[in-house]
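Novice: coords please:
(chains A and B)
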Amino acid sequence: MILVIGYGNTLRRDDGIGWLAAEALRQSTPHLEILTAMQLYPEMAETLRHFSAVIFIDAAEGGTPGEIRCERVLPDSPAAASLTHHLTPSQLLTLSALLYGHSIEGILFTVVGQDFGHGEGLSPTLQVVFPALLAQIGQVTGT
Amino acid sequence: MAQQIMIDPVTRIEGHAKITIQLDDRGQVADAQFHVTQVRGFEKLCEGRPFHEMPALMARICGICPVSHLLASAKACDMLLAVQIPETAVQLRRVMNLAQIVQSHALSFFYLSSPDMLLGMDAPQAQRNIVGVLQAYPELARGGIRLRQFGQQIIERLGGKRIHPAWIVPGGVSEPLTAEKRDFILEGIPEVKQIARDTLAWFKTTLGSFTEEIQTFANFPTLFMSLVHRDESISFYGHRIRIIDAEGQHVVDFEPEAYADYIGEAVEPFSYLKSPYYKPMGYPDGIYRVGPLARMNIAEFCGTPLADEELAQFKQIDWKERLSSFHFHYARLIEILYGIERIELLLNEPDILSKRVRAHADTNNLHGIGVAEAPRGTLIHHYEIDETGLMKRANLIIATGHNNLAMNRGVKQVAQHFVKGEKIEEPMLNRVEAVIRAYDPCLSCSTHAVGKMPLHIELRDAGGEIVDSRTQA
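Specialist: Numbering: from 1, shown residues only, chains lettered A, B, ... in the order given. Got it, this is the predicted structure:
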């Protein structure tokens, strides 16, 4: 089973692309388990243990707006997982391994944002690449 | 020459603050101040907005306890509408608020404070964190995560999302509970109840290791304040506000709507956090504490079997020891157990699936006051509107604000006990932070500051010159 976690702030325009992509996948790909959140939090470590793979979707800063990146996520060293208010994907995998002995394959999709100002909806640049993002995720999930 | 120690920022609390410790000419602690250095000003930004927007807007004050703001705000709006909301709506609001008590207390105890207690106050900071707990005590850590998850899942099921749900509305709740959601929540009860019991059993075995902390962690006489139910049991929703004195004796009961007759709000130049006080005793003698310790010291009983056993055991502790803010931790754990038990009872009530969950009315009052017990203590929202329903004024008194005077005095007490000489030594730094964490302050709530909370201490001489400083990320 694959879990998709889309996270970000939909009230800060392009920061919400992870959330919006996850919601789109919820509609188009019912067999995927979908989670949306403002940020990653420690309780997700418990959720991860019920899945064999997790796909994270987030916005990124730096680089060319609209650029889609895909990278494998590996657990961090335990010392790096010390945050309490929010976590990175690597820290979350670390927590899951530490607490539940659960090893899970992780993939992180990020899209470089153009506009992180107040407001809802993606910038024109990210609206254009949105279908490509879903298509790339579909290739990974085999859908 | 007198000197000053400053801790800036304070870590593992919610928000941003610093601490100044003033030394006298002999190098002894003369005073201590807990500075909250940011302001958000929700009271001002809501002016001119329609009052029915307030619950959703005010919930944005905090990402940890939005439900309490939602609840206090909705109760203030109920008063503006002059409605008596359906009983099922009351019970559902209570379920959501208790779920938040469980998740917030789990965050405070397991994530923020347990490293000090499990790994030792003087363990290296690099290890004294939640990861150190995960590695050394994985079972306990899993329990903490599960408790928090349980509370968050209830909020999410009821409100549609775990942070900033908008389900509690003026007049009740926006939609009834379904049998599916009720059964999902009830299914998780046995597991989390056992976790809460196991944690309490373990915690009680550790108390003997913290004799010094119990004596010095803000252990001084103050008043205590909380809501109390009509039957004298603990309450997070109504009915009266009760104040007891430092001997445990009843001082006064008053209706929440009369809060301004009893609570004054002082402002100090060194902090954005207001300093509420009990008016009849004046400022600052009217110092009081709110939150889990206050609730445990005030309530005669909980009304649920396991929590009642625990409360009875807690009340066996000598009263003078129960003045120690270290026991906020103990009280927090009892409240987690109580919250789980009460949620179970509420969800098993026959009318809990009733479709009648909201009263509708036009504006009928120009003043509305809503009070609820938030995880950190009594929360007061007071709104004044014009004839068209637009907000003219809001006054918020937040749990962390009620505790401001006590936190300042607590820091001073710890510093007096642990500061040795003119250097910032690790034991003092750790314990000053820990005493603040015992209150679990939520500074985003209380001052409306955005943020996370690192800690900075400065040591200053009589002329104001910094002679030592330390920052912990």
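
Novice: For the residue of chain A found nearest chain B, which non-adjacent residue is closest in space?
Specialist: Residue nearest to chain B within chain A (C-beta to the nearest C-beta): A:Glu43, separated by 3.9 Å. C-beta: built from backbone N, CA, C; applies to glycine. Leaving aside its chain neighbours, A:Glu43 sits nearest to B:Gln149 (3.9 Å; criterion: C-beta to C-beta, 6 or more residues apart in numbering or on different chains).

Novice: That neighbour is in what secondary structure piece?
Specialist: B:Gln149 is located in helix B:138-159, with elements delineated by DSSP states H and E.

Novice: so after that helix, what's the next helix or strand?
Specialist: Using DSSP H and E, the helix or strand that follows helix B:138-159 in sequence is strand B:168-169.

Novice: Report all helices and strands that the helix or strand just after that next one contacts.
Specialist: Note on strand B:168-169: by DSSP H and E, the next helix or strand toward the C-terminus is strand B:172-173. The contact analysis (3 or more C-beta pairs under 8 Å, 6 or more residues apart in numbering or on different chains; DSSP states H and E) places strand B:172-173 against helix B:87-106.

Novice: May I see the buried residues of the helix ranked longest in chain A?
Specialist: Looking across chain A with DSSP state H, the single longest helix is helix A:124-141. Residues of helix A:124-141 classed as buried by neighbour count (16 or more other C-beta atoms under 10 Å in any protein chain shown): A:Thr125, A:Leu126, A:Val129, A:Phe130, A:Leu133, A:Leu134, A:Ile137, A:Thr141.

Novice: Report the rounded mean pLDDT for stretch B:401-408.
Specialist: Mean pLDDT, taken over the full extent of stretch B:401-408, equals 92.

Novice: For chain A, which segments are assigned as helices?
Specialist: Remark: helices assigned in chain A by DSSP H are A:17-28, A:44-48, A:89-100, A:124-141.

Novice: Identify whichever of those lies nearest to B:Val414.
Specialist: Ranking those by their distance to B:Val414 (criterion: C-beta to C-beta) puts helix A:89-100 first, at 31.9 Å.

Novice: Check the offset of the closest one from the chain's centre.
Specialist: 15 Å (C-alpha atoms, centre = their mean, to the nearest Å).

Novice: Now do the phi/psi pair for A:Phe51.
Specialist: phi -130, psi 160 (degrees, to the nearest 10).

Novice: Run through the residues that contact it.
Specialist: A:Met1, A:Ile2, A:Leu3, A:Glu33, A:Ile104 (C-beta atoms under 8 Å, 6 or more residues apart in numbering or on different chains).

Novice: Tabulate these (TSV), appending neighbour count, pLDDT and distance to chain B.
Specialist: Formatted as TSV, the contacts of A:Phe51 follow (neighbours: other C-beta atoms under 10 Å in any protein chain shown; pLDDT from 0 to 100; distance: C-beta to the nearest C-beta, whole Å):
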residue	neighbour count	pLDDT	distance to chain B
A:Met1	10	88	19
A:Ile2	20	94	21
A:Leu3	20	96	15
A:Glu33	15	93	15
A:Ile104	20	92	16
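
Novice: so which two of those are the farthest from each other?
Specialist: Farthest pair in the contacts of A:Phe51 (C-beta to C-beta) is A:Glu33 and A:Ile104. Separation: 12.7 Å.

Novice: chain center to stretch A:41-60: distance?
Specialist: Distance of stretch A:41-60 from the chain centroid (C-alpha atoms, centre = their mean) equals 8 Å.

Novice: can you tell me the average pLDDT over it?
Specialist: On average, stretch A:41-60 scores 93.

Novice: picking up where we left off before, could you dump the buried residues of helix A:124-141 into JSON lines with distance to A:Leu95 added?
Specialist: What follows is these, written out as JSON lines (distance: C-beta to C-beta, whole Å):
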{"residue": "A:Thr125", "distance to A:Leu95": "34"}
{"residue": "A:Leu126", "distance to A:Leu95": "30"}
{"residue": "A:Val129", "distance to A:Leu95": "31"}
{"residue": "A:Phe130", "distance to A:Leu95": "30"}
{"residue": "A:Leu133", "distance to A:Leu95": "27"}
{"residue": "A:Leu134", "distance to A:Leu95": "28"}
{"residue": "A:Ile137", "distance to A:Leu95": "24"}
{"residue": "A:Thr141", "distance to A:Leu95": "24"}
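
Novice: Closest to B:Lys279 out of these?
Specialist: A:Leu126 (55.1 Å).

Novice: can you pull the contacts of the closest one?
Specialist: A:Asp14, A:Ile17, A:Pro65, A:Gly66, A:Val111, A:Gly113, A:Gln114.

Novice: Then B:Glu300?
Specialist: B:Glu300 touches B:Glu232, B:Ser233, counting by C-beta under 8 Å, 6+ apart.

Novice: What distance do you get for it to B:Leu98?
Specialist: Separation of B:Glu300 from B:Leu98 (C-beta to C-beta, to the nearest Å): 19 Å.

Novice: Please name the residues that touch the closest residue to chain A within the stretch 1-150 of chain B.
Specialist: The minimum distance from the stretch 1-150 of chain B to chain A, using C-beta to the nearest C-beta, falls at B:Gln149 (3.9 Å). By C-beta under 8 Å, 6+ apart, the contact set of B:Gln149 is A:Glu43, A:Glu46, B:Gln103.

Novice: wait, the second one sits on A:Leu95?
Specialist: By that I understand A:Glu46. No - A:Glu46 is beyond contact range of A:Leu95, at 9.0 Å (criterion: C-beta atoms under 8 Å).

Novice: the more surrounded of these two?
Specialist: A:Leu95 (28 against 18; other C-beta atoms under 10 Å in any protein chain shown).

Novice: per-residue pLDDT, the more buried one?
Specialist: For A:Leu95, pLDDT reads 87.
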